[in-house]
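quick one, structure for this:
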Amino acid sequence: MGEEEIVVGSAIRIGTSGYSFKDWVGSIYPQGLPQKEWLSYYSGEFDTVEINATYYRVPSSRMMDALTRKVNPEGFLFAVKVPAQMTHQRDKLDQTVEPFLTGIQPLVDAGCLATLLAQFPYSFKCNEESLQHLRSLREAIPAELPVHVEFRNQGWYSPDVYSFLEEQALGFVNVDLPPLPRLPMDRTSLVTNEIAYFRFHGRNAAKWWHHETPGERYDYLYSEDELADWIPAISKARQGSRLTLLFFNNCHRGKSAINAVQLQRQLGLRDPADRAAWEALERKLF
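Have a look, this model is predicted:
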């Protein structure tokens, strides 16, 4: 694929799924860098990030406002994961959505909220009850706020589902996951609202279902060839969207940040001579 084909299309942002990891100190963040400065340091390399802490607790508006002050809100975009009460403990949707929307309002006011991410578990099967929950989720969130949904069960991968998402103005998340039975295996390039969205979780099949800590499943570093295999799908999605978001969730020891920079280069978004701060340290990370 030629460079001209790669760069044509919607605006594209590449980042990582989270930035606040202690095991990034020494691999991505310099030793001694205060935690309160991690996001500012991160934003020196990337112009977007997924906020995953909001999955575990409903954020306060003070917390979200603080994020906008650590980046340039005019040039930085946040994708915010909705709380577990809206995707995993679904009977709590009604009591959770309003406090959540109040909490993220500073991002909306600053114009730096790209979309909301609803990540559903493998156990979320494609049936009428689940479809109704998706309708309720979309109805509960103001129409002007984009919402994307991630499915981790192959049963959702069908034309009928894609049409349903378009009707509901719900964005589809294209995922890269380990090659395991019943996990999504397709290298998709779907855009069911105006924003194309990709998430790379790594391919650590051995640790995906069997691990001591959840973070072990994301211990994986993509090869340059594995990243390049996704470029046709990314390029196709860019043609049908106004914005393309790509996030790496293989965050163990900063592998997500390394792969994000590599993909930036492959897509012509970073000059080969433009080295990330941690690359210039000339030390072995792994």
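
what sits closest to Arg187 if chain neighbours are left out?
Ala233 (5.3 Å; CB to CB, 6 or more residues apart in numbering). The way it works is simple: take the backbone N, C-alpha and C, and place the C-beta from them, glycine included.

again with Arg182
Nearest to Arg182 is Gln154, by CB to CB, 6+ apart, at 5.4 Å.

can I assume Leu117 is in contact with Leu145?
No. Using CB atoms under 8 Å, Leu117 makes no contact with Leu145, being 11.7 Å away.

the more surrounded of those two?
Leu117 (27 against 15; other CB atoms under 10 Å).

what lies in contact with the helix or strand harbouring the more buried one?
Using DSSP states H and E, Leu117 sits within strand 113-119. Outside of strand 113-119, the residues within contact range by CB atoms under 8 Å, 6 or more residues apart in numbering are 13, 48, 50, 55, 77-82, 86-87, 104, 107, 137, 141, 145-150, 152, 171, 173, 195, 197, 243, 245.

name every strand pairing with it and say which way it goes.
strand 77-81 (parallel), strand 147-150 (parallel) (DSSP bridges).

okay, now the unreliable bits of this protein?
Judged against pLDDT under 70, the low-scoring parts of the chain cover residues 1-9, 281-286.

show me the strands in it, by range?
Assigned by DSSP state E, the strands in the chain fall at 11-17, 48-51, 77-81, 113-119, 147-150, 171-176, 195-200, 243-248.

sorry, back to before: and the strand holding Leu117 with strand 243-248, angle?
Between strand 113-119 and strand 243-248, the angle comes out at 50 degrees (axes from the mean of the first three to the mean of the last three CA atoms, to 10 degrees).

from the middle of its chain, how far away would strand 113-119 be?
Averaging C-alpha positions (CA atoms, centre = their mean, to the nearest Å) puts strand 113-119 8 Å from its chain's average.

now stretch 261-268
17 Å.

now do the buried residues in that stretch.
Neighbour counts using 16 or more other CB atoms under 10 Å place 261-264, 266-267 of stretch 261-268 among the buried residues.

what sits up against it?
Under CB under 8 Å, 6+ apart, the answer for stretch 261-268 is 3, 6-7, 12, 14, 45, 222, 224, 227-228, 230-231, 234, 246, 248, 270-272, 276, 279.

which of these count as buried?
6, 12, 14, 45, 222, 227, 230, 234, 246, 248, 270, 276.

of those, closest to Val71?
Glu45 (11.7 Å; CB to CB).

measure that closest one to Thr213 for me?
27 Å (CB to CB, to the nearest Å).

show me where the protein has its helices.
Using DSSP state H, the helices of the chain run over 3-7, 38-42, 53-56, 61-68, 93-110, 128-140, 159-168, 205-208, 224-228, 231-239, 255-266.

most tightly packed of the ones you listed?
helix 255-266 (a mean of 22; mean count of other CB atoms under 10 Å).

circling back: ok, which of the helices of the chain comes nearest Pro178?
helix 205-208 (3.9 Å).

right, I'll leave it there.
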